[in-house]
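S.K.: Got a predicted structure plus its sequence, pasted below:
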Amino acid sequence: MKENKQLTEWIEESEYIVFFGGAGVSTESGIPDFRSVDGLYNQQYKYPPETMLSHSFFMREPEEFFRFYRNKVLAPDALPNNAHKALASLENKGKLKAVITQNIDGLHQKAGSKEVLELHGSVLRNYCMGCGKAYDGQSVMDKIDAEGIPYCDDCKKIIKPDVVLYEEGLDQSILSRSVEHLRNADMLIIGGTSLVVYPAAGLIDYYHGKKLVLINRDATSRDSAANLVIHDSIGEVLEPYI
């Protein structure tokens, strides 16, 4: 494909590539996204997913929150796919300077990426709401399986995942670092995102270069603003760069 050839040329001549990704990057690892036909938004539950993943619902009905969180958000057996591996390889070669992700699964780090800016946090980090004690993802999952609600071993308060729930704001330091990378980038690759979740999607407006690449299976509202659009599997498109 001529689009893939153009992508290769731009990657070869660029020195400060930034990748901005969403749920579509991890669907090829078996993690469902929120808005596709098979995504969380199209499954039937007692409450809509956006309600169950809100801060107020977490505070009001923690047991129901964690039941949904355990069943539909955690994916402990998921492994990095070709997209994750390719991005880690590009960073290792000095081409890619940052991965800015809306995902919370930690697969970029598992693949070897170092500079990963997690806009919505990570399921791998968890903190007691009372004393602040840190817990990893596995220990919290074990507690949910055993008790329904994960409680701190020390102060017995609820342990909260370090993820940004609906009604919560994004981490300002993560936002600032993301903006700095985007402003410095000579190439921006956007992949696996519908670009409808704000304020995260608005970050790409800080990129002012001429090599804006959009890789997504479906069309997005930003296709017309991109310099190169590839409607295909992101894992297949990026596989040659592993």
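M.R.: Done, it's in.

S.K.: Got phi/psi on the most centrally placed residue in the chain?
M.R.: Centroid-nearest residue in the chain: N103, 1.5 Å away (criterion: Cα atoms, centre = their mean). Main-chain dihedrals, N103, degrees, to the nearest 10: phi -80, psi 160.

S.K.: Same question for V196.
M.R.: Dihedral angles (degrees, to the nearest 10) for V196: phi -120, psi -10.

S.K.: Could you give the number of residues near it?
M.R.: Neighbourhood size, V196 [other Cβ atoms under 10 Å]: 13. All C-beta spots, glycine's among them, are computed from the backbone N, C-alpha and C.

S.K.: was I right about it contacting D218?
M.R.: No. Counting by Cβ atoms under 8 Å, V196 sits too far from D218 to count as a contact (11.4 Å).

S.K.: still on that earlier bit, I'd guessed the residue nearest to the centre of the chain sits against H120; true?
M.R.: Yes. Using Cβ under 8 Å, N103 makes contact with H120 at a distance of 7.3 Å.

S.K.: Give me the buried positions along the helix or strand of the chain with the lowest mean pLDDT.
M.R.: Least confident element among the helices and strands of the chain, by mean pLDDT, DSSP states H and E: helix 49-52 (a mean of 89). Of the residues in helix 49-52, 49, 52 count as buried by neighbour count, 16 or more other Cβ atoms under 10 Å.

S.K.: packing partners for that helix?
M.R.: helix 62-68 (3 or more Cβ pairs under 8 Å, 6 or more residues apart in numbering; DSSP states H and E).

S.K.: who's in contact with the helix it packs on?
M.R.: With contacts defined as Cβ atoms under 8 Å, 6 or more residues apart in numbering, helix 62-68 is touched by 45-47, 49, 52-53, 57-58, 144, 148-150, 158.

S.K.: Out of those, which sit inside helices?
M.R.: 49, 52, 57-58, 144 (DSSP state H).

S.K.: Now do the same contact list for the residue lying closest to the residue nearest to the centre of the chain once chain neighbours are set aside.
M.R.: Using Cβ to Cβ, 6 or more residues apart in numbering and skipping residues adjacent in sequence, the residue nearest N103 is S26, 5.3 Å away. Residues near S26 by Cβ under 8 Å, 6+ apart: 33, 78, 81, 103, 105, 107, 192.
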